[in-house]
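Novice: the following comprises the amino acid sequence and a computationally predicted model.
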Amino acid sequence: MKRMFATLILVMFVSAGLTACNTMAGAGKDVQKAGEKVEQKAEDCKDMKC
């Protein structure tokens with residue numbers, strides 16, 4: 001019974017860890033897109049002398 005409980009806990013932690021990796025990857029992509037927009041706006045202002 002203890003072995004089954006330990007296995008269940010391990011599976012729960014692994015599942016949570018994999019989900020967190022996907023969430024962080026998505027957040028990283030969002031931050032990257034925001035950075036690209038800021039960079040593009042900076043280039044536009046540089047050309048127009050904002």
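Specialist: Arrived safely.
Novice: just the helices in the protein please.
Specialist: Along the chain, counting by DSSP state H, helices occupy 2-48.
Novice: now it, which segments are flagged as low pLDDT?
Specialist: 49-50 (pLDDT under 70).
Novice: gap between V38 and V31?
Specialist: Noted for V38: a distance of 11 Å to V31, by CB to CB, to the nearest Å. (Glycine included, C-beta is placed from N, CA and C.)
Novice: next: D47.
Specialist: 25 Å.
Novice: next one: M1
Specialist: Taking CB to CB, one finds M1 at 45 Å from V31.
Novice: now swap in M24 and tell me
Specialist: 10 Å.
Novice: between M1 and V31, which has more neighbouring residues?
Specialist: Neighbours per residue, other CB atoms under 10 Å: of M1 and V31, the larger number sits with V31, 10 against 5.
Novice: that one and A42: what is the separation?
Specialist: 16 Å.
Novice: same question for L10.
Specialist: From L10 to A42 the distance is 48 Å (CB to CB).
Novice: likewise for D30?
Specialist: 19 Å.
Novice: how about M24?
Specialist: M24 is 27 Å from A42, by CB to CB.
Novice: and for K29?
Specialist: 20 Å.
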